[in-house]
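Asker: What shape does this take:
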Amino acid sequence: MNTVVKNRKKIFFTVGMLFVLCSIVEYIEFLFIRTDQTIIADNVFTKIFCIIATLVVMKINGIKIQDLGFKNNKVIKYLGCGLGLGILTFAISYGVEYIILTAAEKNPNLEVYITNFGLTGATSEVSLSAMAVIICIVVNIINVIAEEGLFRGFILKVVSEKCDFKVANMIQAILFGVWHIVMCVLGVYDGQMTIPVAIVFGVGYVILAGILGIEWGICVNMTGVIWMCVAEHFFNNFIGNILHVVSSTGTDELQIIRIVLSNVLSLIIVMGIDSRNKKVSNGYTSNAT
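Answerer: Below you'll find the predicted structure:
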């Protein structure tokens, strides 16, 4: 019993230190280096650091990349499932946004150009070109590998070995939400938000990212691999970076509604599939008994 407690403390200490270290690098890049204001339009150095730091901690603890869910099992199938889920939920949410703006006689239309992400819509626009699109794709791939490897990979794996999956999934989802609060700190730092507004948006980031964190954790637990959440995570980021709703009164005014609806729909769908699979599995078990 004492050994279990010690191991659990060691795991939480390791997770906490890794998260804090990556967060320090994240804040330095967001607040001072400002890579997001360049053609890269994202904080790629933080993500590269996350990948390296996670690999180092894995090496120290004897954990292999395959242990995080990066396996060769049904890669195409689950990448397709994740991509399809992202397309479906965002098609619905973009449609709802378009209908609302049309009903308000704001003459909405879709425009394609590259920005970095922000719930307030205050993003840096990058001229659309083949090179910009390629950079956007590459940066998003790095971002997804870093965040999925850290949260749904390493943290979910090591914590779930000592805790119930639901507890482990909630922990990584909360940390994933906290990870995004830097956007609100940046808003205050740049003078675009007051502290009270930043607190409200900070709670929003934690909830929105947390919903996706829970969903993607369920995807890993359900499939045994990380590919489904990798694909949906990539699509969510990419579509938000490149496809915008422009109306007579602004750009991406209802972006928050679009994102909330898409995230909630994704979670409902995945939870429904997971519940059905468990019922089918239990049914087979009962019949076999």
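Asker: for the stretch 151-289 of the chain, what are the low-confidence residue spans?
Answerer: 283-289 (pLDDT under 70).
Asker: Which parts of it are strands?
Answerer: Assigned strands in the stretch 151-289 of the chain, in chain order: 243-247, 250-251 (criterion: DSSP state E, counting those that start in this stretch).
Asker: tell me how far stretch 166-184 is from the chain's mean position?
Answerer: 10 Å (Cα atoms, centre = their mean, to the nearest Å).
Asker: er, stretch 130-146 I mean
Answerer: Centre to centre, stretch against its chain (Cα atoms, centre = their mean), the figure for stretch 130-146 is 15 Å.
Asker: Also stretch 199-211?
Answerer: Averaging C-alpha positions (Cα atoms, centre = their mean) puts stretch 199-211 12 Å from its chain's average.
Asker: on that earlier part again, most tightly surrounded among the strands of the stretch 151-289 of the chain?
Answerer: strand 243-247 (a mean of 18; mean count of other Cβ atoms under 10 Å). All C-beta atoms are positioned from the backbone trio N, CA, C, and that covers glycine.
Asker: What strands line up against that one, and which way round?
Answerer: strand 109-112 (antiparallel), strand 250-251 (antiparallel) (DSSP bridges).
Asker: now the strands for the stretch 1-150 of the chain?
Answerer: According to DSSP E, counting those that start in this stretch, the strands that the stretch 1-150 of the chain contains are 109-112, 114-115, 125-126.
Asker: mind checking how far residue 268 is from residue 275?
Answerer: For residue 268, the distance to residue 275 equals 10 Å [Cβ to Cβ, to the nearest Å].
Asker: again but with residue 181, I slipped
Answerer: 31 Å.
Asker: Same question for residue 237.
Answerer: For residue 237, the distance to residue 275 equals 27 Å [Cβ to Cβ].
Asker: Of the two, give the one with the bigger neighbour count.
Answerer: For residue 237 versus residue 275, neighbours defined as other Cβ atoms under 10 Å are more numerous around residue 237 (20 against 11).
Asker: any idea how far the more buried one lies from residue 263?
Answerer: 13 Å.
Asker: got the CA positions of stretch 168-181 in PDB?
Answerer: As requested, the backbone C-alpha atoms of stretch 168-181 are provided in PDB (Å, rounded to 0.1, in the frame of the first residue of the first chain):
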ATOM      1  CA  ALA A 168      -7.200  10.300 -15.200                       C
ATOM      2  CA  ASN A 169      -9.300  11.600 -18.100                       C
ATOM      3  CA  MET A 170     -10.600  14.400 -16.000                       C
ATOM      4  CA  ILE A 171      -7.100  15.400 -14.800                       C
ATOM      5  CA  GLN A 172      -5.600  15.500 -18.300                       C
ATOM      6  CA  ALA A 173      -8.700  17.400 -19.600                       C
ATOM      7  CA  ILE A 174      -8.400  20.000 -16.900                       C
ATOM      8  CA  LEU A 175      -4.700  20.500 -17.500                       C
ATOM      9  CA  PHE A 176      -5.400  20.800 -21.200                       C
ATOM     10  CA  GLY A 177      -7.900  23.500 -20.500                       C
ATOM     11  CA  VAL A 178      -5.500  25.300 -18.100                       C
ATOM     12  CA  TRP A 179      -2.900  25.000 -20.900                       C
ATOM     13  CA  HIS A 180      -5.000  27.400 -23.000                       C
ATOM     14  CA  ILE A 181      -5.400  30.200 -20.400                       C
END
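Asker: how about that stretch: buried residues?
Answerer: 168-173, 175-181 (16 or more other Cβ atoms under 10 Å).
Asker: okay if I get those residues as TSV plus distance to residue 225?
Answerer: Output for the buried residues of stretch 168-181, formatted as TSV (distance: Cβ to Cβ, whole Å):
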residue	distance to residue 225
168	17
169	16
170	21
171	21
172	16
173	19
175	21
176	19
177	23
178	26
179	22
180	25
181	29
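Asker: wait, what's in contact with the residue nearest the centre of the chain?
Answerer: The centre of the chain sits closest to residue 233, judged by Cα atoms, centre = their mean, with a distance of 5.5 Å. If you count contacts by Cβ atoms under 8 Å, 6 or more residues apart in numbering, residue 233 has them with 82, 144, 147-148, 212, 216.
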